[in-house]
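Trainee: could you look at this predicted model? Sequence included:
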Amino acid sequence: MITISEIKNLGLIRSKDNLEKLLGLYEVIADVELKREIVSSIGRQTDDKIIFDFISGNVYNCGFMDVVYQMYRTCLYKGRTSAAFETLGKEIRAHFKNEVLDKMHEYFSYKRSHVGKRRQVIKYCEPILLRGNNVETLKKIAENSVQLIFTSPPYYNAKIYSNYHSYQDYLEDMAQSLKACHRVLEDGRFIIVNVSPVISKRPGREFESTRYPIHFDFHSLLIRTGFYFVDEIQWIKPESSVKNRNGGYQQTHMPLSYKPNCINESILVYRKSAPFLLDKNIAGYDKSFANDEKFESSNCWYIAPASNKNHPAVFPKELCRRILKYYSFRGDVVLDPFAGSGTFGEVAIEMERIPVLCEQNETYCDLINEGKRYVQL
Ligand SMILES: C[S@@+](CC[C@H](N)C(=O)[O-])C[C@H]1O[C@@H](n2cnc3c(N)ncnc32)[C@H](O)[C@@H]1O
């Protein structure tokens with residue numbers, strides 16, 4: 001049985017013999033990983049006529065999308081100098097209507113049109129507090145000028161500071177705020193949202209309560225706005241710190257009456273879509289920006305909740321610390337568009353980042369700026 005590295009070696013040396021061997025292997029090997037590598041190695045060879053006939057003859061019946069991606073990749077590279085490959089690539093993309101092919105096309109076109117170009121961006125140097133609705137106030141911030149967004153939006157009508165007429169109204173407002181966030185965030189950077197389901201009180205004993213899966217709905221909002229899903233981290237709290245929901249079941253032990261205690265909140269990690277890899281975002285920083293050696297190895301973060309007499313839903317500082325450590329660099333501009341008491345800004349300053357905070361409640365704004373550290377816009 002031939003190995004991946006043997007196939008790679010066949011691809012590295014360009015010769016009639018190797019091309020023939022690779023074409024022969026393609027016919028007899030069924031394993032998708034090997035087939036994919038064979039196609040990639042065929043693409044490295046130089047006899048374009050044979051390669052073109054091979055791809056056009058096999059791409060629509062090769063059975064695996066992973067193999068199609070390799071054939072399309074060859075069309076992209078060879079299409080730079082060959083109209084025939086360029087047309088074949090277009091036909092393949094039109095035939096499959098596949099999101100990975102679209103992304104490959106986007107990356108490739110971007111790379112070709114941006115060789116050597118660097119975009120000028122505004123760099124804020126002082127903490128900024130924006131008083132008012134973030135949809136409006138973020139207009140004062142330049143586009144592409146923020147390197148990280150971390151926030152916890154209102155959980156519908158769960159707390160005193162929000163009163164939406166309907167869940168639909170709430171989602172529409174959140175969509176507007178996310179759009180404003182998208183504009184200011186640098187391409188390829190992270191937006192991280194802390195949300196979890198909430199339950200509305202029963203309007204009477206004869207009615208059911210409603211449970212809103214806010215984190216699921218945020219997924220659609222984020223995707224529609226132009227971010228894509230990267231990770232979900234679970235913030236896990238001690239069970240003693242959350243509301244007890246076991247009571248009913250404990251009394252009867254009847255199936256269907258079970259309600260677990262909710263000890264987790266979601267930390268949704270998304271990236272602003274960009275036609276380049278994260279490496280390009282990292283490339284602007286030298287090695288002295290690297291973190292220390294300690295890190296959280298899993299997506300379950302055990303952190304006790306925090307409380308604050310002035311605000312009913314504050315971030316624990318440890319949560320902010322971890323987000324800033326893993327998703328931003330020293331000196332970055334970091335935004336919390338729903339800042340509340342401003343915990344994120346406080347930790348950001350401690351960690352030598354430049355916070356931009358938005359808050360519409362005047363009392364909370366005064367609280368944030370008690371130490372007068374913020375420029376207010
Ligand atoms: C969940 S709290 C954030 C708490 C914050 N993480 C902290 O550590 O204190 C959400 C905050 O968003 C504010 N808010 C809601 N809608 C807003 C909007 N459109 N623009 C600015 N602030 C808003 C509320 O007043 C509330 O203080």
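Mentor: Nice, I can see it.
Trainee: check which helix or strand covers residue 74.
Mentor: Following DSSP states H and E, one finds residue 74 within helix 65-78.
Trainee: residue 56 now?
Mentor: helix 48-58.
Trainee: ditto for residue 215
Mentor: Using DSSP H and E, residue 215 sits within helix 214-225.
Trainee: just the angle between the helix holding residue 74 and helix 48-58, please?
Mentor: 150 degrees (axes from the mean of the first three to the mean of the last three Cα atoms, to 10 degrees).
Trainee: show the average pLDDT along the very next helix or strand once past helix 65-78.
Mentor: Per DSSP H and E, the first helix or strand lying C-terminal to helix 65-78 is helix 83-96. Helix 83-96 carries an average pLDDT of 98.
Trainee: helices and strands around the lengthiest helix in the chain, which ones?
Mentor: In terms of residue count, the longest helix belonging to the chain (DSSP state H) is helix 167-184. Counting contacts by 3 or more Cβ pairs under 8 Å, 6 or more residues apart in numbering; DSSP states H and E, helix 167-184 packs against helix 134-137, strand 185-195, helix 214-225. C-beta here means a position set from N, CA and C on the backbone, and glycine is covered the same way.
Trainee: and the very next helix or strand once past the helix holding residue 215, which residues are buried?
Mentor: Downstream of helix 214-225, the first helix or strand assigned by DSSP H and E is strand 227-236. In terms of neighbour count (16 or more other Cβ atoms under 10 Å), strand 227-236 has its buried residues at 227, 233, 235.
Trainee: what's the answer for stretch 84-96, then?
Mentor: Across stretch 84-96, burial judged by 16+ other Cβ under 10 Å covers 85, 88, 89, 92, 93, 96.
Trainee: what does stretch 168-188 give?
Mentor: For stretch 168-188, by 16+ other Cβ under 10 Å, it's 170-171, 173-175, 177-178, 180-188.
Trainee: go on, stretch 155-167?
Mentor: Going by neighbour count (16+ other Cβ under 10 Å), the buried part of stretch 155-167 is 155, 156, 157, 158, 161.
Trainee: touching the ligand at all, that stretch?
Mentor: Yes: counting by Cβ under 6 Å from any ligand atom, the ligand is contacted by stretch 155-167 at 161, 162.
Trainee: quote the end-to-end distance of stretch 125-141.
Mentor: Its first and final residues considered, stretch 125-141 spans 13 Å by Cα to Cα, to the nearest Å.
Trainee: for it, give the mean pLDDT please.
Mentor: In this model, stretch 125-141 carries a mean pLDDT of 97.
Trainee: how far off centre is that stretch?
Mentor: Centroid separation for stretch 125-141 versus its chain: 23 Å, with Cα atoms, centre = their mean, to the nearest Å.
Trainee: how about the residues of the stretch 1-150 of the chain that lie near the ligand?
Mentor: Counting by Cβ under 6 Å from any ligand atom, the stretch 1-150 of the chain comes close to the ligand at 133, 134.
Trainee: 8 Å - rerun?
Mentor: Within the stretch 1-150 of the chain, the positions adjacent to the ligand are 130, 132, 133, 134, 135, 137 by Cβ under 8 Å from any ligand atom.
Trainee: just the residues you listed now: which is nearest residue 257?
Mentor: Nearest to residue 257 among those: residue 134, at 41.2 Å, using Cβ to Cβ.
Trainee: tell me how far the closest one lies from residue 148.
Mentor: Residue 134 is 16 Å from residue 148, where distance means Cβ to Cβ, to the nearest Å.
Trainee: from this protein, which residue is nearest to the ligand?
Mentor: At 2.4 Å from the ligand, residue 340 is the closest residue in the chain, using Cβ to the nearest ligand atom.
Trainee: what sits against that residue?
Mentor: Residues near residue 340 by Cβ atoms under 8 Å, 6 or more residues apart in numbering: 152, 161, 311, 313, 314, 315, 359, 364.
Trainee: isn't the third one right next to residue 367, touching?
Mentor: Yes: taking Cβ atoms under 8 Å as the contact criterion, residue 311 and residue 367 are neighbours in contact, 7.3 Å apart.
Trainee: and the residue nearest the centre of the chain, what does it touch?
Mentor: In the chain, the residue lying closest to the centroid (Cα atoms, centre = their mean) is residue 270, at 1.6 Å. Residue 270 makes contacts with 190, 191, 192, 193, 222, 227, 228, 229, 230, as judged by Cβ under 8 Å, 6+ apart.
Trainee: if we use 10 Å, what do you get?
Mentor: If you count contacts by Cβ atoms under 10 Å, 6 or more residues apart in numbering, residue 270 has them with 149, 178, 190-193, 218-219, 222-223, 225-232.
Trainee: residue 261: how many residues sit nearby?
Mentor: Using other Cβ atoms under 10 Å, residue 261 is surrounded by 14 other residues.
Trainee: should've said residue 151
Mentor: Residue 151 has 23 neighbours, counted by other Cβ under 10 Å.
Trainee: phi first, then psi, for it.
Mentor: Note on residue 151: its backbone torsions stand at phi -160, psi 160 [degrees, to the nearest 10].
Trainee: could you check the pLDDT of residue 116?
Mentor: Looking at residue 116, the pLDDT reads 67.
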